[in-house]
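A.B. asks: For reference, the sequence and a predicted model appear below.
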Amino acid sequence: MDEPILTIEEREAINSGRWFSSLSPSLRHDILRCAYVKRYKDGDLLAARGDSPEEWVACARGAVRVSSTSVSGKQITLTYVEPGIWFGDVAFFDGEKRTHDCYAHGDTTTLCVARADFRKILSAHVELYEALLRLHARRIRTLFGLVEDLNTLPLRARLAKQLGHLARSYGVPSLGDNNEIRISLHLAQEELAQLLGASRQRVNQELKTMEREDVIRIETAGLVVRDRQALRSIGDADH
């Protein structure tokens, strides 16, 4: 059942988002005034490929897994939307259907703005057009960066960069050592491999190598980054 308001932690995730926090106070107020909360359990479907775009969405807690299905029927994870990130607006502008499936990864909370309210906010705040252009430009830069990494970096470097991103987005201090960062988003090695365009076996080999080098620690509950500087050095090694 949907809860009417965000928790303090969820609201902080929205307000501290890099893009949202750059908006004017009046625009942020109008967006939040129109928004409503939805809560999902792990694996719940948020939107399916082919759906009509009806909501502009921000992740407030957990993660949204964006996936596609191959010709053979295998589901492939493309990315995870983290707390503070807004998505779903592109289809409002090009008039096309949703292009991917979106699922909750873990217990997930989203903040949603209906399509009609989105248009009203655009009419009242010209600022939002420029802000969305900046958001789309950032997405394009990120996409080109990922394509470049996929074509120029070895798996070891790509894995290090992905772990660094996950540590920044989902990192919490380890209880045993404050210098260690535990990645709270639990990803199976198969899911991590899909993000990197590699096989689970090759990703497993690279993870074990990093563990032997004391860069990370592999635990049943997930991954712990032990040496963030070493991880950055691995990611930058081929630049």
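C.D. replies: Ah, there it is.

A.B. asks: phi, psi of the residue nearest the centre of the chain?
C.D. replies: For the chain, residue 81 is the residue whose C-alpha lies nearest the centre (Cα atoms, centre = their mean; 2.3 Å). Main-chain dihedrals, residue 81, degrees, to the nearest 10: phi -90, psi 120.

A.B. asks: That one against residue 61, yeah?
C.D. replies: No: between residue 81 and residue 61 there is no contact under Cβ atoms under 8 Å: 11.5 Å. C-beta here means a position set from N, CA and C on the backbone, and glycine is covered the same way.

A.B. asks: Okay, now the unreliable bits of this structure?
C.D. replies: Residues of the chain meeting the criterion pLDDT under 70: 1-4, 238-239.

A.B. asks: Regarding this protein, what is its longest helix?
C.D. replies: helix 127-152 (DSSP state H).

A.B. asks: quick one: the helix or strand immediately after it in the chain to helix 127-152, angle?
C.D. replies: Proceeding N to C from helix 127-152, the next assigned helix or strand is helix 155-170, under DSSP states H and E. Computed by axes from the mean of the first three to the mean of the last three Cα atoms, to 10 degrees, the angle separating helix 155-170 from helix 127-152 equals 150 degrees.

A.B. asks: Using CSV, list the CA coordinates for helix 155-170.
C.D. replies: The C-alpha coordinates for helix 155-170 follow below in CSV (Å, rounded to 0.1, in the frame of the first residue of the first chain):
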residue,chain,number,x,y,z
LEU,A,155,37.3,-5.6,-17.7
ARG,A,156,39.4,-5.1,-14.6
ALA,A,157,39.4,-1.3,-15.1
ARG,A,158,35.6,-1.2,-15.9
LEU,A,159,34.9,-3.3,-12.9
ALA,A,160,36.9,-1.0,-10.6
LYS,A,161,35.0,2.0,-12.0
GLN,A,162,31.7,0.3,-11.5
LEU,A,163,32.5,-0.6,-7.9
GLY,A,164,33.7,2.9,-7.3
HIS,A,165,30.4,4.2,-8.5
LEU,A,166,28.4,1.8,-6.4
ALA,A,167,30.5,2.7,-3.3
ARG,A,168,29.7,6.4,-3.8
SER,A,169,26.0,5.8,-4.4
TYR,A,170,25.4,3.0,-1.9
